[in-house]
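*Asks:* Next comes the sequence, and after it the predicted model I'd like to discuss.
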Amino acid sequence: MSIVTVQLGQCGNQIGHEVFNAICSDVHGTHGLCSKKENESYHEASKERFFSEEKSGVPVARAVLVDMEPKVISQTLSIAARSGCWKYDDRSHFCQKQGSGNNWANGYSVHGPKHKDRIMNLVRKEAEKCDRLSGFFTIMSMAGGTGSGLGAFVTQCLKDAFPASFILNHVIWPYGTGEVIVQNYNSVLTLSHLYRSSDALLVHENDVIHKICAQLMNIKQISFRDVNQVIAHQLGSVFQPIYTGAGPLHYSRSPLGDLMETLVPHPEFKMLGLRNIPQMPENSLAYSTFSWPGLIKHLRQMLIANATMEEGIDWQVRPPRPGSSIPSKHSTSKSLHFNTSIANLVLLRGKDMHSADLEPIFTSTLNLGLKRRTSWTASQLWNKLSPVTPPCDFYKCSQLELYCKTTTLEDLLASTSQNI
Amino acid sequence: MRRARGRALPGAVAALCRALPPRARPAPDTLRRARFDRPQASSHCWRLLCSLLKQVHGGKWTEPDAIDIQIRFIKSVLWYHGYGRPELYRLPSDGSAGSRELLLAFSWLLHRISLLEQLLARNRVRTGDETSVCTCEDDLTNSQKGRTEIAPEYSLEDKVDVRYLQWLHGRLRFQWRSLHALHQEQSKLLHKIHLFTSGSHMDKILGHFSVTETELIRQPENYKQLLQFLESETMQLEAFLEWKQLEQVYWHWMVKTREEELQKEEFCAAARKTQEAVELKLLDLTYHCAPKKPKMHGSCRLVFRSKHSASKTGFGRSVSKEPISTVSATEVIRELQMRKASLERELKQLQEECRQRMDEIAEGLDGVICISP
């Protein structure tokens, strides 16, 4: 149940570093939410998943760092080593001197084939260290050249070399007003290639995270580090050990497998989005109280209204009644803005999790129609699912939800063209 | 002759009962009462059959369901195996009658699906080193010879969205991948155990500990439980051997039971069939032990040999007096790789045919371009 992370490009490496940081601090935190024994087994499961043991006793992240410039990687390696809690393997990185110049083709057709053997060697070494490989988690941005182009190529190689493993691509959707002129082309090329080789694409939009930082976290000067930390927090709440529906006896043996099986079994629908509540600065946590019914109500409306954070939710939006006609694309009715995802998964973490009652709220939204030209109700694909987790201290009451967008490539092109 | 048989009969029935697994062991008296169709024996018989069939079909022992659920289960399993006697299916669902029918069905299962052998194989004390091997040709028609198939009837109104089917197919695919990863982990850990305990075993040929033995070393308090299991299994096996000697007596007794119902052909045939089956099995064994074309199938124990070749010791299903057959893992891998290559060729061919058919269809449609994956 180990996950090997492949960090690609500047963005990928910086986010990857924050993810390991978040996981490490989560595991070491002791907020007294659960028994010592539970804490220890959680600790062990998390460590097994993301870190490997080394003689020095400091956990070594199961990661491969790839970039075409040396600067970011060397920074990442040194910051991690300085922390003392964990570090990267000194040999698990690959970098060159020249960079990709934000050119997708450079990454995909030039750097990729040229350095394929060395990169895949590093990945294979990491994979062999695992007693059991659950799958690969690649982090990349779509706007640049290395992450997007080389990332697409590496994903393909991973698929060829490990056909029986799960591959989850984490892609960063660039700012609408981003600085890279060709980011739209890079994005479209990346997505179309990833769609072929990856099992699931988890998308985080920079604009959305930026808003969360500004409005929920109350950060005045938002740096990339803040954005990355929010992303890392959200990813951690998905990937840390959880109990599966089978019973709170042991942690999920196949974390990526469980996620994928529930959300993306259909080969045409692979895009995932993530919502997480509550999000707030850590110093405010002490002054806030939460209750499961309140959180769940908010989450439900966030889902229905397609809202990305718990502020500014449109409470007017309702799902269409079952049996009613599906509104056409150009209708201006309010119900158009409802969420059109096919499958959803809810993960709960925190105190008294068993008292959280999902049934009455989520099952009432049984039939979410799908806005496609060929009418098809998604009712039978609704996943109410998942009970989960155990007390993981850091994410006291965070609750999140993973949903699968039904956007096809054509819709994607339509929305990216709006950004130009 | 009859008196001798009469004395041997209680022995045979007792051996049969002792050879059954502990949780589903009837008293010999139950079987005798069933033969006389006593209603009191009925519920015992239903329960007995239910728990035996559940074990055979891989289920873990769970709390017994209500009697009518049990009865429905038994009837469906018997139908699946091809039991065609209508009187059984007409028995009431409250379990009040039918002990003789059940005895007949039980005996039929004994012969037809080697019930005893299957139960013994399932309830063995495990070494933990087991793995299953199958290099048989994919012969679906042969494997379903004895079973009836009830073709599902889809009415034309119940249209199933193909995308839902794709969804289900995808789920299966992902579950298969998870299973594959679990198998890989198990192999890796097993290898570690074998490697680390090499040279420690009393048996010099084996050389290393099995998983069960290793666990026993780590948790010695469990030896009592293991001892109990082993003793119980030994007793069952001894009872089975005794049963095999006295089997004929039992079948003659069953024949008489059926004779009373004016239909003796099937069980005389059953007795004859048993003998024929045994002869066939012996022929089979001699055939298989001749190293012509070893088709491996069944459970094996993994034994670590040396750095260059891990081999398997087959305990398999054949109770033969020959030395235990060994097969090296590399051989099995090679055979499986050849099978895989031939299956891939077959798949490519089928895909090519599909592509051509789709192209033909697309040509017939106006303004449609078919882009195949």
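*Replies:* Cool, got the structure.
*Asks:* Residue in the stretch 101-250 of chain B with the shortest distance to chain A?
*Replies:* Nearest residue of the stretch 101-250 of chain B to chain A (CB to the nearest CB) works out as residue B:170 at 2.8 Å. Placement of C-beta: from N, CA and C, glycine included.
*Asks:* Provide the secondary structure category for that residue.
*Replies:* Put simply, residue B:170 is helix when judged by DSSP: H, G, I helix; E, B strand; the rest coil.
*Asks:* what number of residues lie near the residue nearest to it when sequence neighbours are not counted?
*Replies:* Excluding the flanking residues, the one nearest residue B:170 by CB to CB, 6 or more residues apart in numbering or on different chains is residue A:265, at 2.8 Å. The local packing of residue A:265 (other CB atoms under 10 Å in any protein chain shown) involves 23 other residues.
*Asks:* Just confirm residue A:265 contacts residue B:167, I think it does.
*Replies:* Yes - in this structure residue A:265 lies within contact range of residue B:167 using CB atoms under 8 Å: 5.3 Å.
*Asks:* Read off the pLDDT value for the residue nearest to residue B:170.
*Replies:* pLDDT, the model's per-residue confidence, is 83 for residue A:265.
*Asks:* Name the SS class of it, please.
*Replies:* Going by three-state DSSP: residue A:265 is coil.
*Asks:* I'd assumed residue B:301 was in a strand, is it?
*Replies:* Yes - the assignment for residue B:301 is a strand, going by three-state DSSP.
*Asks:* If you tally nearby residues, what's the number for it?
*Replies:* Neighbours of residue B:301 under the rule other CB under 10 Å: 18.
*Asks:* quick one: contacts for the residue nearest to residue B:170?
*Replies:* By CB atoms under 8 Å, 6 or more residues apart in numbering or on different chains, the residues touching residue A:265 are B:166-171, B:173-174.
*Asks:* ok, now with 10 Å
*Replies:* Applying CB atoms under 10 Å, 6 or more residues apart in numbering or on different chains to residue A:265 gives the contacts A:199, A:343, A:381, A:404, B:166-175.
*Asks:* And residue B:117, how close does it get to residue B:372?
*Replies:* 50 Å (CB to CB, to the nearest Å).
*Asks:* Compare these two (neighbour count), which wins?
*Replies:* residue B:117 (14 against 11).
*Asks:* Would you mind measuring from the residue of chain A found nearest chain B to residue B:176?
*Replies:* Closest residue of chain A to chain B, CB to the nearest CB: residue A:265 (2.8 Å). Per CB to CB, residue A:265 is found 12 Å from residue B:176.
*Asks:* Check residue B:233 too.
*Replies:* Noted for residue B:233: a distance of 33 Å to residue B:176, by CB to CB.
*Asks:* who has more neighbours, these two?
*Replies:* Using other CB under 10 Å as the criterion, residue B:233 and residue B:176 rank with residue B:233 on top: 16 against 12.
*Asks:* Regarding that one, what is its secondary structure?
*Replies:* The three-state label given to residue B:233 by three-state DSSP is helix.
*Asks:* list the contacts for it?
*Replies:* Remark: with contacts taken as CB under 10 Å, 6+ apart, residue B:233 is in contact with B:21-22, B:120, B:123-125.
*Asks:* Show me which of the residues you listed are buried.
*Replies:* With burial judged by 16 or more other CB atoms under 10 Å in any protein chain shown, the buried subset of these is B:21, B:120, B:123.
*Asks:* Helices - which of these land there?
*Replies:* When DSSP state H defines the helices, the subset of the buried ones among the contacts of residue B:233 inside them is residue B:120.
*Asks:* Contacts for stretch B:113-120, please.
*Replies:* Residues outside stretch B:113-120 that contact it (CB under 10 Å, 6+ apart): B:16, B:19-21, B:24, B:52-53, B:55-57, B:77, B:81-82, B:106-110, B:121, B:146, B:233, B:236-237, B:239-240, B:243-244, B:247, B:277, B:281, B:317, B:319.
*Asks:* If we use 6 Å, what do you get?
*Replies:* Stretch B:113-120 is contacted from outside by B:19, B:21, B:56, B:109, using CB atoms under 6 Å, 6 or more residues apart in numbering or on different chains.
*Asks:* from those, which are also near chain A?
*Replies:* Among the contacts of stretch B:113-120, not one lies near chain A by CB under 6 Å from any CB of the partner chain.
*Asks:* Flag every residue of the stretch 251-373 of chain B that's near chain A.
*Replies:* Within the stretch 251-373 of chain B, no position is adjacent to chain A by CB under 6 Å from any CB.
*Asks:* tally of neighbours for residue A:179?
*Replies:* Counted by other CB under 10 Å, the residues lying close to residue A:179 total 9.
*Asks:* and it, that one's in a strand?
*Replies:* No - Residue A:179 sits outside any strand when classified using three-state DSSP, being coil.
*Asks:* Need the three-state assignment for residue A:85.
*Replies:* coil.
*Asks:* That one reaches residue A:24, doesn't it?
*Replies:* Yes - between residue A:85 and residue A:24 there is a contact under CB atoms under 6 Å: 4.7 Å.
*Asks:* Which one's more surrounded, the two?
*Replies:* residue A:24 (21 against 15).
*Asks:* tell me the contacts of that one?
*Replies:* Neighbour list for residue A:24: A:85-86 [criterion: CB under 6 Å, 6+ apart].
*Asks:* Which of the helices or strands spans it?
*Replies:* helix A:9-28 (DSSP states H and E).
*Asks:* Which neighbouring elements make contact with the very next helix or strand once past that helix?
*Replies:* Proceeding N to C from helix A:9-28, the next assigned helix or strand is helix A:36-50, under DSSP H and E. Helices and strands touching helix A:36-50, by 3 or more CB pairs under 6 Å, 6 or more residues apart in numbering or on different chains; DSSP states H and E, are helix A:9-28.
*Asks:* where does the chain dip in pLDDT?
*Replies:* Chain wasn't specified; assuming chain A. Scanning chain A for pLDDT under 70 picks out A:29-34, A:244-250, A:282, A:285-286, A:319-340, A:350-420.
*Asks:* oops, chain B please
*Replies:* Using pLDDT under 70, the flagged stretches of chain B are B:1-7, B:58-64, B:135-158, B:204-205, B:258-269, B:276-277, B:279-296, B:298, B:306-325, B:373.
*Asks:* residue closest to the middle of it?
*Replies:* residue B:118 (5.4 Å; CA atoms, centre = their mean).
*Asks:* distance between the helix or strand where it lies and the chain's centre?
*Replies:* Using DSSP H and E, residue B:118 sits within helix B:115-122. A distance of 7 Å separates the C-alpha centroid of helix B:115-122 from that of its chain, computed with CA atoms, centre = their mean, to the nearest Å.
*Asks:* Next secondary structure element downstream of that helix?
*Replies:* Sequence order places strand B:130-134 as the next helix or strand after helix B:115-122, per DSSP H and E.
*Asks:* That following strand pairs with which strands, parallel or anti?
*Replies:* strand B:297-303 (antiparallel) (DSSP bridges).
*Asks:* can you pull the buried residues of the partner strand?
*Replies:* Quick answer for strand B:297-303 (16+ other CB under 10 Å): B:300-303.
*Asks:* for stretch B:37-48, same thing?
*Replies:* Neighbour counts over stretch B:37-48 (16+ other CB under 10 Å) mark B:37-38, B:41-48 as buried.
*Asks:* farthest pair in those?
*Replies:* Based on CB to CB, the longest span within those runs between B:37 and B:47 and measures 17.2 Å.
*Asks:* Spell out which residues of chain A are next to chain B.
*Replies:* Within chain A, the positions near chain B by CB under 6 Å from any CB are A:131-132, A:164, A:254, A:257, A:260-261, A:265-266.
*Asks:* Given the helix or strand hosting residue A:172, what are its sheet partners and their directions?
*Replies:* Following DSSP H and E, the helix or strand that holds residue A:172 is strand A:166-173. Applying DSSP bridges, strand A:166-173 is found paired with strand A:133-141 (parallel), strand A:200-205 (parallel).
*Asks:* Name the residues of the stretch 101-250 of chain B found near chain A, please.
*Replies:* B:166-167, B:170-171, B:174, B:177-178, B:180-181, B:185, B:188.
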